[in-house]
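Asker: Fold the following for me, if possible:
(2 chains)
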Amino acid sequence: MINLEEDFLENRVRLRFAPSPTGPLHIGGARSALFNYLYAKKMQGDFILRIEDTDLERSSRNSEESIKDALIWLGIDWNEGIDKGGIYGPYRQTERIEVYNKYVQELLAKGFAYKCYCSEDEIAAERTILEEKHEMPIYQGKCRNITNEQEKFLIAEGRKPVIRFRTPIGQKIIINDAVRGIVTFESDGVGDFIIVKSDGIPVYNFAVVIDDITMKITHVVRGEEHLANTPRQILIYEALAANKPIFAHISLILGTDRTKMSKRHGSTSVVNYQNDGYLPEALINFLALLGWSPDGEQEFFNLEELIAQFSLERVAKNPAVFDKDKLNYINAKYIKELSVEKLTELAIPYLVKAGYLTEAQALAEKVWLMKMISAIQNRLVCVKDVVEEASLFFKMGKIENEEAQEILSERTVPLVLTSLIKKLEAVATWPEPLEIKKMIKNITKELGLGGKQVFMPIRIALTGKMSGPEMHDFIYVIGLEEVKKRLNI
RNA sequence: GGCCCGUUGGUCAAGUGGUCUAAGACACCGCCCUUUCACGGCGGCUACAGGGGUUCAAAUCCCCUACGGGUCACCA
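Answerer: Residues are numbered from 1 along each chain as shown, chains lettered A, B, ... in the order given. Below is the predicted model:
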């Protein structure tokens, strides 16, 4: 009898993102998660979030939470895994120790693995000697064929064993990578690697494989830094006679100095961008284009469009430098397309934090805030910029520089300013921005002055600055009383 | 250092033997719009790492060199 559900799953594409919770979600991790997600969705498969926390020292629940938060913020949602559950759980490696144990015993029983009683110091000494001889620093296999007698003796000494994989000698290990093609390694360069630490916790290279086998992962998309680990993992798949997934090693994201992006390159975690007021859609769009290119000339994509167009074949082999200018460009574009209401909502926390108003005031002045945001919307690269751009609306700025001071000292300035006030006071209802624009134009005509002689003094007298939002928008937003106050009239 | 991966303009990149005197985007520069700045529009600059092959034909295939990166843990 055919088990329908089982059969269905056999043919289902399943991908996972498996971060270790040792810090916030890194920009490179976000891209890995995205590519996995896009491919899984494109193939109408599953996207699983698994936590690789076998490094007890560095893992923390806080990090796990922050990674999940970042993924949710980005809109990369998983349908199986941590918090969501699923039939292949648990999804945290420290909760799967028994699962690993079962396979360790199998490997041990079949002779694919053995216990090694060498101490860390002994291994380190061995490595130093090998390095001095310019040979590969791999384990020399001292415990490979240990006798029971010797083993008893070692245990009596109080030694705690690690478990090593017995790597075959003189074998070629071939990876057929979906982005890199055929990559070949020699087993002799791998050596007998540790699969279980002396504390009984399996090591990453072993745990991933067992998880990927038992969770029926079909495609492993991950950073290129894992390529060198893959031969070890393949050896384990083969020892266990398990089906290998399709591997796809995507290139790294580099800093401007062309080394792997790290903290010294500036913001590397997703939450930094979130805090600066980058939009998740913009970050996704940017990340997708870093190492992947669409078939056509489209530059802006939402998640659905990315899912529809994504393919592993179009993932680039070469590493990509993180180009903040381009991110800024994309983000600014997304900000311009935001509704004023939505942007205002996003901006309020920044305005409150800057001390311009209280939350209660923000709520009460929502309409006014929207007018203000509308005046500065296309000057923003990220939402954080409102702090700078909006400041003029709340308080008069200092006269920016000497040039500004000189412009303000022109003989015609008082005429211009009184003329402006007169016009603003002459109308019964507060004029719309375009009317204000006309008024200012008329001042130039009436006084026979150049545009600059009119515009700049008004701007500087009202804001202290030589540049900023459109003057008519600005006047419209701050209102007559504030204009008079700033002009000391 | 060994092993592995990579190398098209400052950056992201298209290009899978002829359609390449090499697309597009960011950045930069210039012009227009705007009585400033910004936004927007238009235009410009700049690239197949080098050397050997293979082929009628190479950015595209092969080899070597150079350069860059990754990895060599009881980290993931």
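
Asker: Pick out the residue in chain A sitting closest to RNA strand B.
Answerer: RNA strand B sits closest to A:Gly451 of chain A, with a gap of 1.0 Å, by Cβ to the nearest atom of the strand. Yep, even glycine has a C-beta here, placed from its N, CA and C like the rest.

Asker: Once you drop chain neighbours, what's closest to that residue?
Answerer: A:Thr444 (5.7 Å; Cβ to Cβ, 6 or more residues apart in numbering).

Asker: Can I take it that that neighbour is in a helix?
Answerer: Yes: assessed with DSSP: H, G, I helix; E, B strand; the rest coil, A:Thr444 lies in a helix.

Asker: and the next element down the chain from the lowest-mean-pLDDT helix or strand in chain A?
Answerer: Using mean pLDDT, DSSP states H and E, the weakest-scoring helix or strand in chain A turns out to be helix A:4-10, at a mean of 51. From helix A:4-10 onward toward the C-terminus, using DSSP states H and E, the following helix or strand is strand A:14-17.

Asker: Can you name every helix or strand that that following strand contacts?
Answerer: helix A:27-42, strand A:46-49, strand A:219-223 (3 or more Cβ pairs under 8 Å, 6 or more residues apart in numbering; DSSP states H and E).

Asker: which residues sit against that strand?
Answerer: Among residues not part of strand A:14-17, those counted as contacts by Cβ atoms under 8 Å, 6 or more residues apart in numbering are A:29, A:32-33, A:36-37, A:39-40, A:45-50, A:71, A:76, A:78, A:81, A:212, A:215-221.

Asker: Contacts (any at all) between RNA strand B and that strand?
Answerer: No: if you take Cβ under 7 Å from any atom of the strand as the test, strand A:14-17 misses RNA strand B, and the best it gets is 11.3 Å.

Asker: on that earlier part again, right, so of the helices and strands packed on strand A:14-17, which gets closest to A:Lys398?
Answerer: Among the helices and strands packed on strand A:14-17, helix A:27-42 comes nearest to A:Lys398, with 37.3 Å by Cβ to Cβ.

Asker: Looking at the closest one now, give me its mean pLDDT.
Answerer: Across helix A:27-42, the average pLDDT comes to 97.

Asker: That one and RNA strand B in contact?
Answerer: No: using Cβ under 7 Å from any atom of the strand, helix A:27-42 never reaches RNA strand B; the gap is at least 9.4 Å.

Asker: Thought A:Ile443 was touching the residue of chain A closest to RNA strand B, still the case?
Answerer: No: between A:Gly451 and A:Ile443 there is no contact under Cβ atoms under 8 Å: 9.8 Å.

Asker: Those two - which one has more neighbours?
Answerer: Neighbours per residue (other Cβ atoms under 10 Å) separate A:Gly451 from A:Ile443, with A:Ile443 holding more: 22 against 11.

Asker: give the contact list for that one.
Answerer: A:416, A:419-420, A:423, A:449, A:454.

Asker: Identify the residue nearest A:Glu425 in space, chain neighbours excluded?
Answerer: A:Leu480 (7.0 Å).

Asker: Now the strand or helix carrying the one you found: buried residues?
Answerer: Per DSSP H and E, A:Leu480 falls inside helix A:471-487. By neighbour count on 16 or more other Cβ atoms under 10 Å, the buried set for helix A:471-487 is A:471-478, A:483, A:486.

Asker: Equivalent analysis for stretch A:312-322, please.
Answerer: A:312, A:315, A:319-320, A:322.

Asker: So which of these belong to strands?
Answerer: Per DSSP state E, strands hold the following members of these: A:Ala320.

Asker: List, out of the buried residues of stretch A:312-322, those positioned next to RNA strand B.
Answerer: Within those, those near RNA strand B by Cβ under 7 Å from any atom of the strand are A:319-320.

Asker: okay if I get the buried residues of stretch A:312-322 as CSV plus pLDDT?
Answerer: Output for the buried residues of stretch A:312-322, formatted as CSV (pLDDT from 0 to 100):
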residue, pLDDT
A:Leu312, 95
A:Val315, 96
A:Pro319, 94
A:Ala320, 94
A:Phe322, 94
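
Asker: Show me the two of the buried residues of stretch A:312-322 that sit farthest apart.
Answerer: A:Leu312 and A:Phe322 (21.6 Å).

Asker: can you confirm A:Thr167 is in a strand?
Answerer: No: remark: A:Thr167 does not belong to a strand; assigned using three-state DSSP, it is coil.

Asker: Next, give phi and psi for it.
Answerer: Main-chain dihedrals, A:Thr167, degrees, to the nearest 10: phi -80, psi 130.

Asker: What score does it have for pLDDT?
Answerer: 95.

Asker: Check A:Phe455 too.
Answerer: A:Phe455 is given a pLDDT of 88.

Asker: Contacts only, for the closest residue in space to A:Arg264 that isn't next to it in sequence.
Answerer: Leaving aside its sequence neighbours, A:Arg264 sits nearest to A:Gly255 (Cβ to Cβ, 6+ apart; 7.5 Å). The contact partners of A:Gly255, by Cβ under 8 Å, 6+ apart, come to A:261-262, A:264-266, A:321-322.

Asker: Among those, the buried ones, what's the PyMOL command?
Answerer: To isolate the buried ones among the contacts of A:Gly255 in PyMOL, judged by 16+ other Cβ under 10 Å, type:
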select buried, chain A and resi 261+265+322
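
Asker: what two of the contacts of A:Gly255 are the furthest from one another?
Answerer: Longest span within these, Cβ to Cβ: A:Arg264 and A:Val321, 14.6 Å.

Asker: interface residues of the stretch 51-200 of chain A facing RNA strand B?
Answerer: So the stretch 51-200 of chain A meets RNA strand B at A:52, A:54-55, A:58, A:118-120, A:123, A:127, A:134, A:136-138, A:160, A:162, A:180-181, A:183-186, A:189, A:194, A:197-199 (Cβ under 7 Å from any atom of the strand).

Asker: Let's see that with 6 Å instead.
Answerer: A:52, A:54-55, A:58, A:119-120, A:123, A:127, A:134, A:136-137, A:162, A:180, A:183-185, A:189, A:194, A:197-198 (Cβ under 6 Å from any atom of the strand).

Asker: Any chance you could list what contacts the host helix or strand of A:Leu351?
Answerer: Secondary structure from DSSP H and E places A:Leu351 in helix A:340-353. Applying Cβ under 8 Å, 6+ apart, the contact partners of helix A:340-353 are A:277, A:335, A:338, A:357-359, A:362, A:366, A:369-370, A:373-374, A:377, A:383-384, A:386-387, A:390.
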